[in-house]
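Undergrad: Curious how this folds, go ahead:
(2 chains)
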Amino acid sequence: MRAVVCHSRHFKARDKLEALFSSLRRPEIVPLNPVLAEDLFGKVLDEYPDIKTLQKLHSKIVVDQHLHFNPSLGIKLMRAYAACGQTGMTRHIFDESPERNVIFFNVMIRSYMNNRLYQEAFLVFKVMFGHGFLPDNYTYPCVLKVCSASHDLRVGLQVHGAVVKVGLGLNLFVGNGLVAMYGKCYCLVEARRVLDEMPRRDVVSWNSMVAGYAQNARFDDALEVCREMESLRLKLDAGTMASLLPAVTNTSSKNVTYIKEMFENMFNKSLVSWNVMIAVYVNNSMPSEAVDQFLHMEACEIEPDAVTIASILPACGDLSALLLGRRLHQYVERKKLLPNLLLENALMDMYAKCGCLQDARKVFDSMEFRDVVSWTSLISAYGRSGQGRDAVELFEKMQDSGLSPDSVAFVSVISACSHAGLLEEGKHYFKLMIDEYKIVPRIEHFSCMVDLLGRAGRVDEAYSFVKEMPLEPNERVWGALLSACRVYSNMDVGLIAADKLFQLVPEQAGYYVLLSNIYAKAERWQDVMTIRSMIKNRGIKKTPGISNVELSDKVHTFLAGDRSHPQSKKIYEELDVLVGKMKELGYVPETDSALHDVEEEDKECHLAVHSEKLAIVFALLNSKPCTPIRITKNLRVCGDCHTAVKLISQIAEREIVVRDTHRFHHFANGICSCGDYW
DNA sequence: GTAGGGTTAG
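TA: Numbers count the residues shown, from 1 in each chain, chains lettered A, B, ... in the order given. Sure thing, here's the model as predicted:
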């Protein structure tokens, strides 16, 4: 974030500097009046110039006998260097300054803090006393923030003691710092006590309390503090919304509505409040609402910043809204928001999720700095496309580049191995994670391993793995096992897994269907019927199949058997024509519903047409010949559709990319990239 | 000057 802020500032500062230098070149004002020069240089430094401008300015100051060692300029230079990440230079100026005061120490501590050098910040704080300087009402809030950022309760408690001793306990900023520190350190009772004992509180004090609860997963308490604020007739602001964000991630629709109302009632909607609103939708799997909110924001002529774009990009990825995604990419280039690590990571992932692996790769290759997230995004992108070897190669390169893979990186690489059938490699990475990187495997890693073993046909080994794992197996673990049992027709283990799943998630229709598939393959029709009636008797609701397709900046959604689309009649007619041509090529529609279901769409839905077929025909009718068609589905592609889409790609001479819940299928010339195994 | 908004898996 810092980089972004500084970046936009750099340009303004550079312009000012050019004007400054050209005025310096004018002979009538050389030698420059020292007071005027101090003022001018100070103004440029306050705008955080880029490193080159800063160095030029610094050398000008050093050679000027009046300005060299000027304390005010020294402080500004320190701040400007810190904003460029050059804390070494900040420290140098600090050490060399002959006339230091308490502000020098405060700026030095803040510089370290902003560059996440927390131990260095603490050290400066400690040596202040030895130099005869007492920390003041500026020092303590800053040091408390260092405690918050490093979750250092031990120092935090010492600072609290010192604050009370020197009589700063009643200071508003110090109090706010204490509330935040205790909140970050999981001491919510203490945080609340400090808040209650503050003689004067402002909206920041309350927001800090909201943030404390929200960060500690105390969602209801966080919302309760908001209601308390409302009852005190305090104006909730963008900061309140931002503080609440962790509390309304994967939350109830009631909570989302509460935030929405908070936003709507906000008198001055700042950029941050728009950004938070978008993030709330994204974090609650409501990508369409997020996109709508973004378009609304544009219509209100609010200029998005890097945070806005980084927040909305995952929604584009979710919806495969490639056109919008590309438009956003152009926007960030036009607004010179790049380079920005988070934005680049988000762009890469958007392209990958839209099935544009090459565009994702292009972003990756163009990046100056990459972190574990950058590599992980690309590794999982290759994994989802079934290119396990490329994923493994990237993983090795990431290690070679000196980065330590984290827990998520291992999920990605093991999952990539699983999709590509790289059994030994997957096992190797699981072991590497534990033995070399000392990462304690989480439930996600175990479910990946079960998937890896299961897909490779080692169903019994997978079951043993489940029995021996130190964590309680969850839905995903049993689900991976059941899927493997369907593929390899393992009735015994399948029944065990299904039984567990029916207990864990009795309302999930998909697992009943999977089990009925296993029975059907074994021709146990009586059991198939039993499962069918179980679904009916238990009143289990099925997730309807939905496919999205984007056309000129608008995402069109189709349900299975959908007839609500304005072009519906045309779509069905065209589909009939296509089916005729497909039959000439040997297509036989699969009518056996039990085998037909991969997941949740039952017999009735099969009589209707699956959503991906409708979306594809719609795209065929409405897009130019030869342009690729990209579909995103909320369930897995069934066997019948898979066969049909292969043929459609051949007949219509179109590349068709279908993203289902598990992976990408790239259809072209009658074949699919998954090699018919998914 | 104190709170608070972004990216990666399944």
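
Undergrad: Contacts only, for the residue in the stretch 451-600 of chain A that DNA strand B sits nearest to.
TA: With Cβ to the nearest atom of the strand as the measure, A:Arg476 is the residue of the stretch 451-600 of chain A nearest to DNA strand B, at 6.2 Å. (Each C-beta comes from the backbone N, C-alpha and C, glycine too.) By Cβ atoms under 8 Å, 6 or more residues apart in numbering, the residues touching A:Arg476 are A:Ile443, A:Glu444, A:Ser447.

Undergrad: and if you look at A:Glu368?
TA: A:Pro339.

Undergrad: if you set the cut-off to 10 Å instead, what comes out?
TA: A:Leu338, A:Pro339, A:Leu341, A:Glu344 (Cβ atoms under 10 Å, 6 or more residues apart in numbering).

Undergrad: Confirm that the second one lies within a helix, as I assumed.
TA: No. With DSSP: H, G, I helix; E, B strand; the rest coil as the criterion, A:Pro339 is located in coil rather than a helix.

Undergrad: Quick check: it vs A:Lys362, distance?
TA: Going from A:Pro339 to A:Lys362 by Cβ to Cβ, to the nearest Å gives 14 Å.

Undergrad: which one among the contacts of A:Arg476 gets closest to DNA strand B?
TA: A:Glu444 (3.5 Å).

Undergrad: Please give me every residue in contact with the nearest residue to the closest one once chain neighbours are set aside.
TA: Nearest residue to A:Glu444, sequence neighbours excluded (Cβ to Cβ, 6 or more residues apart in numbering): A:Val411, at 5.1 Å. Taking Cβ under 10 Å, 6+ apart, we find A:Val411 in contact with A:Thr376, A:Ile379, A:Ser380, A:Gly383, A:Tyr429, A:Met433, A:Pro441, A:Arg442, A:Glu444, A:His445, A:Ser447, A:Cys448.

Undergrad: restrict those to those near DNA strand B?
TA: The residues of these that also fall near DNA strand B, by Cβ under 7 Å from any atom of the strand, are A:Thr376, A:Ser380, A:Gly383, A:Arg442, A:Glu444, A:Ser447, A:Cys448.

Undergrad: residues contacting A:Glu573?
TA: Residues near A:Glu573 by Cβ under 10 Å, 6+ apart: A:Val617, A:Leu621.

Undergrad: Quick check: buried residues in whichever strand or helix holds it?
TA: For A:Glu573, the element it lies in under DSSP states H and E is helix A:568-584. Judged by neighbour count (16 or more other Cβ atoms under 10 Å), helix A:568-584 contains these buried residues: A:Ile571, A:Tyr572, A:Leu575, A:Leu578, A:Val579, A:Met582.

Undergrad: Closest one to A:Pro625 out of these, please.
TA: Comparing the buried residues of helix A:568-584 against A:Pro625 with Cβ to Cβ picks out A:Leu578 as the nearest, at 15.0 Å.

Undergrad: Now do the closest one, the pLDDT please.
TA: As predicted, A:Leu578 sits at a pLDDT of 89.

Undergrad: Give me the secondary structure label for A:Ser547.
TA: From three-state DSSP, the assignment for A:Ser547 is strand.

Undergrad: Nearest to DNA strand B: which residue in chain A?
TA: For chain A, Cβ to the nearest atom of the strand, closest residue to DNA strand B: A:Gly239, 2.1 Å.

Undergrad: for the helix or strand where that residue lies, packing partners?
TA: Element membership of A:Gly239 [criterion: DSSP H and E] is helix A:238-244. Helix A:238-244 sits against helix A:203-215, helix A:219-231, helix A:253-265, helix A:271-282, with contacts defined as 3 or more Cβ pairs under 10 Å, 6 or more residues apart in numbering; DSSP states H and E.
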